[in-house]
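[1] could you look at this predicted model? Sequence included:
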Amino acid sequence: MGTVIVDVMPKPEILDPQGQAVGHALGKLGIDGFTEVRQGKRFALSVDGEVTEEALARAREAAERLLSNPVIEDVVSVRAEADA
Amino acid sequence: MRIGVVTFPGSLDDGDAQRAVRLAGGEPVPLWHADSGDTLLHGLDGVILPGGFSYGDYLRCGAIARFSPVMGAIIPAAQAGLPVLGICNGFQVLCESHLLPGALVRNDHQQFLCRDQLLRIERTDTAWTSDFTPGQEVLIALKNGEGGYVADEATLDELEAEGRVVARYLEVNPNGSRRDIAGVSNARGNVVGLMPHPEHCVEAGFGPSLDGLPFFTSVLRQAVLA
């Protein structure tokens, strides 16, 4: 079984309150030194057999049409997951 | 005058939207998310997409609802001129459907906010705001967690230049919306998205005002004139 990984992140110019809240919480834990935290989404799309070019193309279409909103998010990558 | 009110799984304010239509003198017609077909919207003078958390706000607010069967009928009808009002989650659905520009993101202060909000109605030649006077200030219930209106600067400039900002927050910007925008319309003015909830402000004793009623009487008046 192969898996396509789609990573989506908020656009750099869009405020990311969730990432900010995580950043504040890290500071309270004493895990500091990070100048910014931004939070995105990862989708794992599994297929029977190996990940083909055709499966990647369908994953790219999914990423554009549903998994991301181009007004506020960028599709950072669409790739076949490396074998474990 | 018949106004469709959509219920998605997770809609909360469909009942109040139906009641607002009734109090404005119209007949509310319930529409179900799974409804579809060419005749679904026949005889309707407008459609309301109500507030709530359609499909649990999974993925992004409104993102799943946008691909529901009922939206398959509403999107082309709206493009053809049918009056459509999206309130709160309904506004999010309209943005995800690309019937309105921009998007709604999490409030900048990270908290869900419920308050009585002062607004200024800036565009009154839409299907849903013609019973207001330009510049009229109204007090409308607001409740959202992801109500920050965002769009790129060019889109915001275009909305301002074309007079498509329907309502703006006064005194307090409750969610970080760009340029204090509380509601926008399409160019034609038949599609309006609004983050505050006029359907909660239509009956004495319930809500902070009766300022919500003109949204619903406007569309009924337009239907009479049509």
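    Received, thanks.
[2] of all the residues in chain B, which ones are close to chain A?
    Residues of chain B lying close to chain A by C-beta under 8 Å from any C-beta of the partner chain are B:59-60, B:63, B:67, B:95-96, B:101-103, B:105-110, B:148, B:150-152, B:176. (Each C-beta comes from the backbone N, C-alpha and C, glycine too.)
[3] quick check: residue A:79 touching residue A:2?
    No: shown here, residue A:79 and residue A:2 do not form a contact pair, counting by C-beta atoms under 8 Å, at 11.2 Å.
[4] isn't residue B:79 up against residue B:99?
    Yes: assessed by C-beta under 8 Å, residue B:79 is found in contact with residue B:99 at 7.4 Å.
[5] name the residue in the two with the higher neighbour count.
    When neighbours are counted by other C-beta atoms under 10 Å in any protein chain shown, residue B:79 and residue B:99 differ, and residue B:99 comes out ahead with 21 against 16.
[6] correct me, but that one touches residue B:84?
    Yes: between residue B:99 and residue B:84 there is a contact at 7.1 Å, judged by C-beta under 8 Å.
[7] overlap in contacts of these two?
    Each of B:78, B:191 lies in contact with both residue B:99 and residue B:84 under the rule C-beta atoms under 8 Å, 6 or more residues apart in numbering or on different chains.
[8] confirm that residue B:117 sits in a strand.
    Yes: secondary structure of residue B:117 (DSSP: H, G, I helix; E, B strand; the rest coil): part of a strand.
[9] with adjacent residues omitted, what lies nearest to it?
    What sits nearest to residue B:117 in space, not counting adjacent residues and going by C-beta to C-beta, 6 or more residues apart in numbering or on different chains, is residue B:142, at 3.9 Å.
[10] what residues sit buried inside the helix ranked longest in chain B?
    The single longest helix within chain B, with elements called by DSSP state H, is helix B:213-225. For helix B:213-225, the buried set under the neighbour-count rule, 16 or more other C-beta atoms under 10 Å in any protein chain shown, comprises B:213, B:214, B:215, B:216, B:217, B:218, B:219, B:220, B:221, B:222, B:223.
[11] same check on stretch B:41-59?
    Buried residues in stretch B:41-59, defined by neighbour count with 16+ other C-beta under 10 Å: B:41, B:44-55, B:57, B:59.
[12] got it, and stretch B:104-120?
    Residues B:104, B:105, B:106, B:107, B:108, B:117, B:118, B:119, B:120 are the ones in stretch B:104-120 that count as buried (16+ other C-beta under 10 Å).
[13] phi, psi for residue B:84 please.
    The phi/psi pair for residue B:84 (degrees, to the nearest 10) reads phi -130, psi 130.
[14] can you tell me how far it is from chain A?
    Distance of residue B:84 to chain A, computed by C-beta to the nearest C-beta, to the nearest Å: 19 Å.
[15] is it true that that residue touches residue B:188?
    No: under the criterion of C-beta under 8 Å, residue B:84 is not in contact with residue B:188, lying 10.9 Å apart.
[16] out of those two, which sits in the busier spot?
    Per other C-beta under 10 Å, whichever of residue B:84 and residue B:188 has more neighbours is residue B:84, with 30 against 14.
[17] what's near enough to touch that one?
    B:46, B:47, B:48, B:49, B:74, B:77, B:78, B:94, B:99, B:190, B:191, B:192.
[18] tell me the confidence at it?
    Note on residue B:84: pLDDT of 98.
[19] what's across from it in the sheet?
    Taking DSSP bridges, one obtains residue B:47, residue B:191 as the residues bridged to residue B:84.
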